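> Sequence plus the predicted model coming up.
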Amino acid sequence: MTELKKPPHGAPCNGCGLCCRSECCTLSTMLFKTAEGPCTALIEDGDGARCGLVEHPQLYAPIRAAVVGVARLREHALFMIGAGIGCDAHLDDEPFNLAFATQMVRRVDRARRKLDRALAAWGLQQQGLDAYFASKNQRRHRR
(Lines give C-alpha, C1' and ligand atoms only; values in the text may rest on other atoms or scores of the structure.)
Protein backbone atom coordinates (compact mmCIF):
# COMPACT_ATOMS: atom_id res chain seq x y z
CA MET A 1 0.00 0.00 0.00
CA THR A 2 1.27 3.47 -0.91
CA GLU A 3 0.14 5.98 1.69
CA LEU A 4 -1.32 9.25 0.54
CA LYS A 5 0.54 12.32 1.76
CA LYS A 6 -1.29 14.11 4.56
CA PRO A 7 -2.66 17.49 3.48
CA PRO A 8 -1.80 20.59 5.54
CA HIS A 9 -3.80 21.24 8.71
CA GLY A 10 -7.13 22.79 7.63
CA ALA A 11 -6.78 21.85 3.93
CA PRO A 12 -9.41 19.60 2.30
CA CYS A 13 -9.22 15.97 3.45
CA ASN A 14 -7.77 13.53 0.93
CA GLY A 15 -8.66 10.36 2.85
CA CYS A 16 -5.07 9.53 3.84
CA GLY A 17 -6.27 8.17 7.20
CA LEU A 18 -3.37 9.52 9.25
CA CYS A 19 -5.75 11.15 11.72
CA CYS A 20 -7.54 7.84 12.37
CA ARG A 21 -4.28 5.92 12.62
CA SER A 22 -2.82 8.29 15.21
CA GLU A 23 -5.82 8.95 17.46
CA CYS A 24 -9.52 8.30 17.62
CA CYS A 25 -12.20 10.88 16.85
CA THR A 26 -14.84 11.90 19.39
CA LEU A 27 -17.38 9.33 18.18
CA SER A 28 -14.89 6.47 18.10
CA THR A 29 -13.48 7.35 21.52
CA MET A 30 -16.94 7.36 23.06
CA LEU A 31 -17.98 4.09 21.39
CA PHE A 32 -14.79 2.11 21.86
CA LYS A 33 -13.63 3.73 25.13
CA THR A 34 -10.13 4.49 23.85
CA ALA A 35 -8.56 7.58 22.35
CA GLU A 36 -5.43 5.79 21.16
CA GLY A 37 -5.15 5.07 17.45
CA PRO A 38 -5.49 3.35 15.21
CA CYS A 39 -9.25 3.51 15.29
CA THR A 40 -11.05 0.19 15.55
CA ALA A 41 -13.41 1.27 12.73
CA LEU A 42 -10.65 2.36 10.32
CA ILE A 43 -11.02 0.68 6.91
CA GLU A 44 -7.78 0.63 4.92
CA ASP A 45 -8.55 1.12 1.25
CA GLY A 46 -5.76 1.04 -1.32
CA ASP A 47 -3.85 4.28 -0.86
CA GLY A 48 -6.10 5.78 1.80
CA ALA A 49 -8.69 4.96 4.38
CA ARG A 50 -12.40 5.24 5.12
CA CYS A 51 -14.46 5.47 8.29
CA GLY A 52 -16.23 2.25 9.22
CA LEU A 53 -18.65 4.18 11.45
CA VAL A 54 -19.85 5.98 8.33
CA GLU A 55 -19.62 3.03 5.93
CA HIS A 56 -21.03 0.27 8.17
CA PRO A 57 -22.50 1.70 11.39
CA GLN A 58 -24.59 -1.44 11.88
CA LEU A 59 -21.40 -3.44 12.52
CA TYR A 60 -20.40 -1.22 15.45
CA ALA A 61 -23.83 -0.31 16.86
CA PRO A 62 -26.31 -2.95 15.64
CA ILE A 63 -29.04 -2.12 18.17
CA ARG A 64 -28.84 1.62 17.48
CA ALA A 65 -28.91 0.89 13.72
CA ALA A 66 -32.09 -1.14 14.18
CA VAL A 67 -33.67 1.57 16.35
CA VAL A 68 -32.76 4.76 14.45
CA GLY A 69 -31.69 3.37 11.07
CA VAL A 70 -28.39 3.01 9.28
CA ALA A 71 -28.89 6.18 7.21
CA ARG A 72 -29.36 8.35 10.32
CA LEU A 73 -26.31 6.86 12.01
CA ARG A 74 -24.27 7.57 8.87
CA GLU A 75 -25.51 11.15 8.75
CA HIS A 76 -24.64 11.71 12.41
CA ALA A 77 -21.25 9.99 12.04
CA LEU A 78 -20.38 12.28 9.11
CA PHE A 79 -21.22 15.29 11.26
CA MET A 80 -19.26 14.03 14.26
CA ILE A 81 -16.11 13.22 12.28
CA GLY A 82 -16.25 16.65 10.62
CA ALA A 83 -16.56 15.27 7.10
CA GLY A 84 -16.09 17.95 4.47
CA ILE A 85 -14.60 20.47 6.92
CA GLY A 86 -10.87 19.91 6.38
CA CYS A 87 -7.87 18.03 7.73
CA ASP A 88 -7.98 18.27 11.52
CA ALA A 89 -4.85 16.20 12.09
CA HIS A 90 -2.06 18.53 13.20
CA LEU A 91 1.46 17.14 13.26
CA ASP A 92 4.10 18.67 15.52
CA ASP A 93 6.32 19.62 12.58
CA GLU A 94 3.71 21.45 10.50
CA PRO A 95 2.24 24.94 10.84
CA PHE A 96 -0.84 25.14 13.04
CA ASN A 97 -3.82 26.68 11.24
CA LEU A 98 -5.30 28.80 14.03
CA ALA A 99 -8.13 30.12 11.83
CA PHE A 100 -9.20 26.56 10.99
CA ALA A 101 -8.97 25.42 14.62
CA THR A 102 -11.07 28.40 15.71
CA GLN A 103 -13.62 27.57 13.00
CA MET A 104 -13.85 23.99 14.30
CA VAL A 105 -14.50 25.15 17.89
CA ARG A 106 -17.15 27.62 16.71
CA ARG A 107 -18.75 24.89 14.58
CA VAL A 108 -19.24 22.71 17.64
CA ASP A 109 -20.54 25.63 19.71
CA ARG A 110 -23.04 26.65 17.00
CA ALA A 111 -24.20 23.11 16.36
CA ARG A 112 -24.68 22.03 19.99
CA ARG A 113 -28.25 20.78 19.36
CA LYS A 114 -27.15 18.86 16.29
CA LEU A 115 -24.31 17.37 18.32
CA ASP A 116 -26.76 16.36 21.07
CA ARG A 117 -28.99 14.67 18.45
CA ALA A 118 -25.99 12.87 16.98
CA LEU A 119 -24.93 11.63 20.42
CA ALA A 120 -28.47 10.47 21.16
CA ALA A 121 -28.76 8.62 17.84
CA TRP A 122 -25.59 6.69 18.68
CA GLY A 123 -26.86 6.04 22.23
CA LEU A 124 -24.21 8.27 23.80
CA GLN A 125 -24.54 11.02 26.39
CA GLN A 126 -23.16 14.53 26.77
CA GLN A 127 -21.16 13.47 29.85
CA GLY A 128 -19.15 11.13 27.64
CA LEU A 129 -18.33 14.02 25.33
CA ASP A 130 -17.19 16.16 28.24
CA ALA A 131 -14.95 13.31 29.45
CA TYR A 132 -13.53 12.94 25.92
CA PHE A 133 -12.49 16.59 25.72
CA ALA A 134 -11.04 16.49 29.25
CA SER A 135 -8.89 13.46 28.39
CA LYS A 136 -7.81 15.01 25.09
CA ASN A 137 -6.67 18.17 26.91
CA GLN A 138 -4.73 16.05 29.43
CA ARG A 139 -2.93 14.19 26.61
CA ARG A 140 -1.98 17.49 24.93
CA HIS A 141 -0.52 18.88 28.16
CA ARG A 142 1.63 15.76 28.64
CA ARG A 143 3.36 16.25 25.25
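Sure, I can see it.

> pLDDT weak spots in the chain?
1-2, 126-143 (pLDDT under 70).

> Which residue ranges of it form strands?
Along the chain, the segments classed as strands by DSSP state E run 42-45, 48-51.

> Output those strands as a markdown table; include the columns mean neighbour count and distance to residue 16.
Where C-beta positions appear, they are placed from N, C-alpha and C, glycine not excepted. Below are the strands of the chain laid out as a markdown table (neighbours: other C-beta atoms under 10 Å; distance: least, C-beta to C-beta, whole Å):
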| stretch | mean neighbour count | distance to residue 16 |
| --- | --- | --- |
| strand 42-45 | 15 | 11 |
| strand 48-51 | 20 | 5 |
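
> List just the one of the ones you listed that sits closest to residue 87.
strand 48-51 (12.4 Å; C-beta to C-beta).

> I would like the residues contacting that closest one, please.
3-4, 14-17, 20-21, 39, 41-43, 77, 81 (C-beta atoms under 8 Å, 6 or more residues apart in numbering).

> give me that answer again for 10 Å
1-4, 13-21, 25, 27-28, 38-39, 41-44, 56-57, 74, 77-78, 80-81, 83 (C-beta atoms under 10 Å, 6 or more residues apart in numbering).

> List only buried entries from these.
For the contacts of strand 48-51, a neighbour count by 16 or more other C-beta atoms under 10 Å gives the buried set as 13, 16-21, 25, 27-28, 38-39, 41-43, 56-57, 74, 77, 80-81.
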